[in-house]
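*Asks:* make a model of this:
(one chain, ligands or ions: 1)
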Amino acid sequence: MITNKHILITGGGTGIGRAIAILFADNGANVTITGRRSNVLEEVADSSSNISAFQMDVSNEKEVISVISKAVSKFGPIQVCVANAGIAEGKKLQNTDLEFWRKIIGTNLDGTFLTIRESMKSMLKADWGRVIAISSIAGIKGLKGAGAYSASKHGVMGLIKTYSEEYMGGPITFNAICPGYVNTSIVDTNIKSMISKGISEKDAHKMMVNANRHKRLIQTEEVAQTAYWLCTQAAKSINGQAIEIAGGKV
Ligand code: NDP
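*Replies:* Here you go, the predicted model:
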């Protein structure tokens with residue numbers, strides 16, 4: 001199904017994006033990964049001849065327009081767009097200044113909107129396409145101490161639900177994957193932050209694990225496999241959904 005198809009993955013140099021890139025490349029897709037750090041991108045691109053890397057800040061409109069258009073000129077229309085890039089930093093309401101708010105919204109929500117808008121320019125020319133946004137359980141429920149992050153991920157859900165309506169009946173579906181805590185640098189950073197507040201490493205790790213309904217951290221490959229499934233024939237009627245990967249109902 002995805003052999004030779006062009007797939008764009010923002011934030012493809014690390015964590016969930018990296019796992020998606022490797023899985024799709026291993027299955028014959030033509031994978032474009034983007035992000036701000038060239039070193040991590042190059043490392044992933046060096047692991048497979050099917051992966052190419054471009055530096056792109058998703059919050060910078062001009063960059064998104066020019067990089068996606070460059071990738072399309074090189075590898076043809078995008079057929080799978082994975083809007084994955086994001087930052088997960090939390091602050092309580094009274095500590096949230098406008099600069100912090102704009103940083104989170106600018107990356108997670110503006111970035112997803114710009115990535116989908118620019119990808120769709122070429123996707124609309126093909127006869128099959130999948131848009132997949134990596135939202136979060138914070139796109140379904142409020143996350144204490146992370147208002148900007150929760151708002152950005154709820155916003156992502158708004159985009160996915162809207163675009164699935166806008167393009168209803170066409171060859172492109174729009175879905176969001178909403179993971180609980182996944183074993184990536186985001187969880188490592190959360191653990192470090194708890195340690196800095198005097199919580200022991202063991203307790204901090206336990207708190208992260210216990211935050212998932214099934215009391216274990218989710219692996220990046222689990223998210224990647226779900227993205228892959230969305231690109232199979234079996235998922236052709238799945239559209240406008242928030243797919244929770246959280247060990248239980250959020
Ligand atoms: P990572 O930190 O490993 O991945 C985030 C990626 O986004 C990085 O590759 C980073 O690359 C990229 N990124 C961040 N800001 C920008 C930007 N302005 N422009 C371009 N790229 C950017 O963590 P995860 O893999 O866990 O996160 C991936 C997605 O999954 C995020 O949207 C996150 O919110 C979501 N998620 C993660 C969960 C978890 O527990 N890990 C749970 C639920 C959702 P670079 O810094 O080089 O730009």
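
*Asks:* if I look at residue 62, how far off is the ligand?
*Replies:* Going from residue 62 to the ligand by C-beta to the nearest ligand atom, to the nearest Å gives 13 Å. Glycine gets a C-beta too; all of them are placed from N, C-alpha and C.

*Asks:* now for that residue, how many residues are close by?
*Replies:* By the criterion of other C-beta atoms under 10 Å, residue 62 has 9 neighbours.

*Asks:* for the helix or strand it falls within, name the packing helices and strands.
*Replies:* Here residue 62 sits within helix 61-75, counting by DSSP states H and E. Judged by 3 or more C-beta pairs under 8 Å, 6 or more residues apart in numbering; DSSP states H and E, the packing partners of helix 61-75 are strand 6-10, strand 30-35, strand 51-55, strand 78-83, helix 111-123.

*Asks:* if we go to 6 Å?
*Replies:* In terms of contacts (3 or more C-beta pairs under 6 Å, 6 or more residues apart in numbering; DSSP states H and E), helix 61-75 is packed against helix 111-123.

*Asks:* re the thing from before, just want the angle from the helix holding residue 62 to strand 6-10.
*Replies:* Orientation note: helix 61-75 sits at an angle of 150 degrees relative to strand 6-10 (axes from the mean of the first three to the mean of the last three C-alpha atoms, to 10 degrees).

*Asks:* chain center to helix 61-75, what's the gap?
*Replies:* Taking C-alpha atoms, centre = their mean, to the nearest Å, one finds helix 61-75 lying 18 Å from the centre of the chain it belongs to.

*Asks:* got the CA positions of it in CSV?
*Replies:* Extracted in CSV, the C-alpha atoms of helix 61-75 (Å, rounded to 0.1, in the frame of the first residue of the first chain):
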residue,chain,number,x,y,z
GLU,A,61,5.5,29.7,7.6
LYS,A,62,8.1,30.7,4.9
GLU,A,63,10.3,27.7,5.8
VAL,A,64,7.3,25.3,5.7
ILE,A,65,6.2,26.6,2.3
SER,A,66,9.6,26.4,0.8
VAL,A,67,10.8,23.1,2.3
ILE,A,68,7.6,21.1,1.5
SER,A,69,7.6,22.5,-2.0
LYS,A,70,11.3,21.5,-2.4
ALA,A,71,10.5,17.9,-1.1
VAL,A,72,7.6,17.6,-3.5
SER,A,73,9.8,18.8,-6.5
LYS,A,74,12.3,16.1,-5.6
PHE,A,75,10.1,13.2,-4.6
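
*Asks:* can you give me the buried ones in it?
*Replies:* By neighbour count with 16 or more other C-beta atoms under 10 Å, helix 61-75 contains the buried residues 63-64, 67-68, 71-72, 75.

*Asks:* touching it from outside, list them.
*Replies:* By C-beta atoms under 6 Å, 6 or more residues apart in numbering, the residues outside helix 61-75 that reach it are 6, 30, 32, 54, 56-57, 114, 118, 122.

*Asks:* just to revisit the earlier point, export the buried residues of helix 61-75 to TSV and tack on pLDDT and distance to residue 107?
*Replies:* Formatted as TSV, those follow (pLDDT from 0 to 100; distance: C-beta to C-beta, whole Å):
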residue	pLDDT	distance to residue 107
63	98	13
64	98	12
67	98	16
68	98	17
71	98	20
72	98	23
75	97	25
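
*Asks:* which one of those sits closest to residue 213?
*Replies:* The closest of the buried residues of helix 61-75 to residue 213 turns out to be residue 64 (C-beta to C-beta; 34.9 Å).
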